[in-house]
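**Student:** below: sequence and its predicted model.
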Amino acid sequence: MTAPRTVKAFDADEIHAGNFALGIDHEKAARETDALMERMSLEQKIHEIRGHGPRPVDSLWCAGGDAALGLAAWRMVDGPRGARAGVATAFPVAIARAASFDVDLERRVGMATGLEVAAKGGNVLLAPTINLLRHPGWGRAQETYSEDPHHMGAMAAAYVSGAQNHVLTSPKHFALNNLENTRFEMSADVDARTLHEVYLPHFKRCVVEVRAASVMSAYNKLNGVYCGENPELLDAILRGDWGFTGFVESDWFLGTRSTAPAIRAGMDIEMPAGFRFSDENLQAALASGEIDEAAIHRNARRSVYQKLAWQLTEDGVAGKPRPDASVVECDDHLALALEAAEKSVVLLRNEGDVLPVGRHAGVSIAVVGDLADAVNLGDRGSSMVTPSHVVKPLEGIRASAGDATVEHFASNADLSRLGEFDVAVVVAGLTYRDEGEFIPTAQQEAEDSDLARGGDRATLDLPADQRDLIERATAAARRTVVVLQGGSAIVVRDWIDRVDGLLMAWYGGCQGGHGLARVLFGDASPSGRLPVSFPRAMDQLMPWDIAALSVKHGLLHGYRWLDHHGHEPEFPFGFGLGYTSFQLRDLRLERVGGGLTVRVDVQNTGTRAGATVVQLYRGSVLLRPGGPRLGARAVPLPLPRRAVVGGPSARGGVDPRRSRVAPSKCGDAAGTIPPWAG
Ligand code: BGC
């Protein structure tokens, strides 16, 4: 039994702690930059506005730098699920971590990733990916956090702040990059209200609240103009409205489409090399008067400014020594990967309390499917991370099974014996072949035909072989639990009624198998909540064309679309079950300055320890100018922090790690609605 305690939804002091960008002396940095720039030749400035070449060196994408001037080069590393440089800790993908709704966890993941990037010699982390999940079929859904801008903003701000303890971050891709297969050409067409209320708030939060040091532009067009040369985005909004003082770098290879228009718009660094910003092109643009030297000076200055502001040296930022290589995959980071994996699992169905699975002598568990024994960390695009070891589901289950017996059945095995087992745990889902960044590289082609490409999903159904596996297992097993792997919503309607239990495990990272097993056996009560609506069928969602070259973006998508059209999804945004029950009572509202503080008491009314996510949805009324009332919409303000409220654990005591409050007592969750939430 423990005493009640207060959990704050978003503790800014805690989230912002150690973020180097928040302590920069800008006046000093400006003075030093101007003094240095005076000594720089045009050639030296040009060197500052482009990457070093089309291939990374030691996994580092480099740009600028001049030893004679004492300027180190930018060394950029990809990162949404860990440092993409040699061997590194592979965390669960971002959308999995988002299911935890745990901003403090995300801050620590950002911090650990930043530290590993710094240890690899990097100084810019090319993350987080914060393109809104407009449709769950987006190939890179796994890299982003949410279909909700507020939830996305909270997770992203925490990650940026954590990572910026060690390196600069670069939230990407600015903006509206949410269709993969046509990303190099498509135009996202959007009105100003939708842009500012739906697709940009989370970018704004990263820039304004936690001062992300750079921003990566997007490949696609916005209203017909490539993002990499779009003055509205790169200048008017980013710098004018939001006061961004960092630099913009292009997305790779095709992210810079022109020389003069891109430079004028505020594309500060062309990555990974000077294709459009070649000497030849720049000289021609200068000679024709399309740009002047002042434009190059201005863009180079933004890069130099950040170098001085961040006290960049060859070792790293903030004058800190380069971290020792031993931080990579250190015990703390592996424990963090495990915590993230466990907290990201979402329990979607638990008929007859099939879960948690017992592990005493006499219990028999069949683990079914090839994915149970496969490394499945997500796509093989730029966010791919290579850990030295991956705990696969089967390994995790075996390690936690205690006295129960475990037998594995491959996907093509005869499943008729499943009826002899107490429960069949079927691991099914998607892989890098089905979804992900669309990069048809030579390596992928050679390895696995042209299916190994990621890209958007045209359908949200499982692939036929996976549905067939579930069908065969449910036909033979006494009780079936399906564990789904994947990066976004999956339509389960065809088979859900035949399974007893369903868990969404996403791509769980290098400790995914242990995290899953802790939930399966009840060491942890599942507390993940869906950051994306799971529709009953594709046609509940907006039309989805993965070959579209022009896509109209409106105010409605995800749960707002479902709500507006009166569709009942299979599982709504924010949904997730647990092994215990909670009661929320006594909601209190208090005006604080321009904001509102909301408090609620949270009581564990069940018999087991557990955690829950307190979510607050604010309703508002949308009015069409001069038109009829559209109806009340739920605008969610999920309080992105888990209330951990304990009870006696399954073993009869109190789990000290997760339990804070006895079942009869209350925890208290408080959240302040910040001004940017409108
Ligand atoms: C991706 C970016 C990534 C970059 C560098 C691009 O193709 O869109 O997200 O950061 O490659 O790897």
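**Tutor:** Ah, there it is. Everything numeric in this text was worked out from a predicted model, so none of it was measured.
**Student:** checking residue 333 next. Helix, strand or coil?
**Tutor:** helix (DSSP: H, G, I helix; E, B strand; the rest coil).
**Student:** so what's it closest to, chain neighbours aside?
**Tutor:** Leaving aside its sequence neighbours, residue 333 sits nearest to residue 89 (Cβ to Cβ, 6 or more residues apart in numbering; 4.3 Å). Every C-beta, even on glycine, is put in place using the N, C-alpha and C of the backbone.
**Student:** correct me, but the one you found touches residue 337?
**Tutor:** Yes: at 5.7 Å, residue 89 counts as touching residue 337 under the criterion of Cβ atoms under 8 Å.
**Student:** please enumerate the shared neighbours of these two.
**Tutor:** Residues touching both residue 89 and residue 337 (Cβ atoms under 8 Å, 6 or more residues apart in numbering) are 509-510.
**Student:** who's in contact with residue 222?
**Tutor:** Counted by Cβ under 8 Å, 6+ apart, residue 222 has contacts 175-176, 187-188, 190, 195, 230, 232-233.
**Student:** cool, residue 406 as well?
**Tutor:** With Cβ under 8 Å, 6+ apart, residue 406 has these contacts: 365-367, 394, 397-398.
**Student:** can you flag which of these belong to strands?
**Tutor:** 365-367 (DSSP state E).
**Student:** got a winner among the residues you listed for most neighbours?
**Tutor:** By neighbour count, taken as other Cβ atoms under 10 Å, the most surrounded of the ones in strands among the contacts of residue 406 turns out to be residue 366 (26 neighbours).
**Student:** enumerate the residues of the stretch 401-550 of the chain near the ligand.
**Tutor:** By Cβ under 6 Å from any ligand atom, no residue of the stretch 401-550 of the chain approaches the ligand.
**Student:** for the stretch 401-550 of the chain, what spans make up the helices?
**Tutor:** 442-448, 464-476, 493-496, 512-520 (DSSP state H, counting those that start in this stretch).
**Student:** of these, flag the one that's most buried.
**Tutor:** Burial of those is given as mean neighbour count (mean count of other Cβ atoms under 10 Å); helix 512-520 ranks first at a mean of 27.
**Student:** hmm, which helix or strand of the protein has the shakiest average pLDDT?
**Tutor:** In the chain, the helix or strand scored least confidently by mean pLDDT, DSSP states H and E is strand 629-645, which has a mean of 43.
**Student:** for this structure, which spans come out with low pLDDT?
**Tutor:** 1-2, 440-452, 620-678 (pLDDT under 70).
**Student:** from the protein, which residue is nearest to the ligand?
**Tutor:** Residue nearest to the ligand within the chain: residue 382 (3.4 Å; Cβ to the nearest ligand atom).
**Student:** tally of neighbours for that residue?
**Tutor:** Residue 382 has 20 nearby residues by other Cβ under 10 Å.
**Student:** likewise residue 271?
**Tutor:** Neighbours of residue 271 (other Cβ under 10 Å): 28.
**Student:** do the same with the one 10 residues further on
**Tutor:** Here the number of neighbours of residue 281 (other Cβ under 10 Å) works out to 16.
**Student:** show me what contacts it?
**Tutor:** So residue 281 contacts residue 259 (Cβ under 8 Å, 6+ apart).
**Student:** residue 39 and residue 69 touch, don't they?
**Tutor:** Yes: between residue 39 and residue 69 a contact is recorded at 7.0 Å, counting by Cβ under 8 Å.
**Student:** who has more neighbours, those two?
**Tutor:** residue 69 (16 against 9).
**Student:** and that one, how far from residue 310?
**Tutor:** Separation of residue 69 from residue 310 (Cβ to Cβ, to the nearest Å) stands at 16 Å.
**Student:** over to residue 487?
**Tutor:** Residue 487 sits 32 Å away from residue 310, going by Cβ to Cβ.
**Student:** could you pull out the strands for the stretch 401-550 of the chain?
**Tutor:** Here the stretch 401-550 of the chain has its strands, by DSSP state E, counting those that start in this stretch, at 405-409, 423-429, 480-485, 501-504, 550-553.
**Student:** what's the closest of the ones you listed to residue 321?
**Tutor:** strand 480-485 (39.4 Å; Cβ to Cβ).
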